[in-house]
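Chemist: Sharing a model prediction with you, sequence too.
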Amino acid sequence: MHTPPTALRYGTLGLALGRIQHWWYRATGKHRYDRLAIEWVHGTPLLVMPTVFNPRTLRTGAFFAHSLADGRLTRDRVVLDMGTGSGVCAIAAARHARRVVAVDINRNAVRCARANALMNQLEDRVEVRHGDLYAPLGAERFDLILFNPPFLKGEPKSERDCAWRSPDAIERFAAGLDERLEPGGTALVLLSTWGDSTAFLGEFERHGFRVAPWAQKHFVNETLTIFRVDRG
């Protein structure tokens, strides 16, 4: 079993702080996403619709997009952005890659990502589809797959909650990953100290993948790590 970096073995204090922040979001109403907002991520304007995961308020989307904007993507790549939300990572990837397919189970997220691709004049390189994980993809394969998965275990209470919670999303993603990668392809998966990262990483290893940290960012109450997942 893979042993995650020290930052992912965060301890009681980090988990407690994470719970405090979660309840702060609820107490202040930020969990509701009841109004339209415009956010800026790495110089990119993004419309965030009600029920859609906000990439700045909740940090993970902004961090992932920043990590993709450093020139490590090449223009010949075809990219899958799984769980695209506002489309923040799809748009960041489309500025460098040849083509991006973005998928989300939340219908509002699909509308939101399409609007953002259009607003950023990338509609010819970003295709957004509605569905659960790989279901809307047919037999397509990709050079790079991005995934910012739900960190919490359990049944989602709403479409919005699908961004936070799932009983098996990471397990099903890992099980189907090999069939979706081109030869030499790789996946980038963002994990947080809020969730059971050790178990999540173990799913990839169980299916024969190698996992290594690719980018990391520390906050007071949370550490985010993007892992590179390659065939073993």
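Modeler: Arrived safely. Residues are numbered from 1 along each chain as shown.

Chemist: quick one, what contacts residue 228?
Modeler: With contact set as Cβ atoms under 8 Å, 6 or more residues apart in numbering, residue 228 has these partners: 186-188, 211-214. No exception for glycine: its C-beta is placed from N, CA and C like everyone else's.

Chemist: Check what pLDDT the spatially most central residue of the chain gets.
Modeler: Centroid-nearest residue in the chain, with Cα atoms, centre = their mean: residue 148, separated by 1.8 Å. We have a pLDDT of 94 for residue 148.

Chemist: quick one: residue 45 and residue 65, what's the gap?
Modeler: When Cβ to Cβ, to the nearest Å is applied, the distance between residue 45 and residue 65 equals 13 Å.

Chemist: By residue count, tell me the biggest strand in this protein.
Modeler: Assignment by DSSP state E gives strand 181-192 as the longest strand of the chain.

Chemist: With just CA atoms, put the helix or strand just after that one into PDB.
Modeler: Downstream of strand 181-192, the next assigned helix or strand under DSSP states H and E is helix 197-206. The C-alpha coordinates for helix 197-206 follow below in PDB (Å, rounded to 0.1, in the frame of the first residue of the first chain):
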ATOM      1  CA  SER A 197      -6.300   9.900   0.800                       C
ATOM      2  CA  THR A 198      -4.600   6.700   1.800                       C
ATOM      3  CA  ALA A 199      -7.600   4.600   0.800                       C
ATOM      4  CA  PHE A 200      -8.000   6.600  -2.400                       C
ATOM      5  CA  LEU A 201      -4.400   6.100  -3.500                       C
ATOM      6  CA  GLY A 202      -4.700   2.400  -2.600                       C
ATOM      7  CA  GLU A 203      -7.500   2.000  -5.200                       C
ATOM      8  CA  PHE A 204      -5.100   3.100  -8.000                       C
ATOM      9  CA  GLU A 205      -2.400   0.800  -6.800                       C
ATOM     10  CA  ARG A 206      -4.800  -2.100  -6.600                       C
END
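
Chemist: Name the residues that touch the following helix or strand past helix 197-206?
Modeler: Where DSSP H and E defines the elements, the next helix or strand beyond helix 197-206 is strand 209-218. By Cβ under 8 Å, 6+ apart, the residues outside strand 209-218 that reach it are 2, 5, 7, 63, 67, 174, 177-178, 188, 201, 204-205, 223-232.

Chemist: Report the buried members of those.
Modeler: 7, 63, 67, 174, 177, 188, 201, 204, 223-227, 229 (16 or more other Cβ atoms under 10 Å).

Chemist: which residues of this structure fall in strands?
Modeler: 37-41, 44-48, 78-82, 99-104, 126-130, 142-147, 152-153, 165-166, 181-192, 209-218, 223-231.
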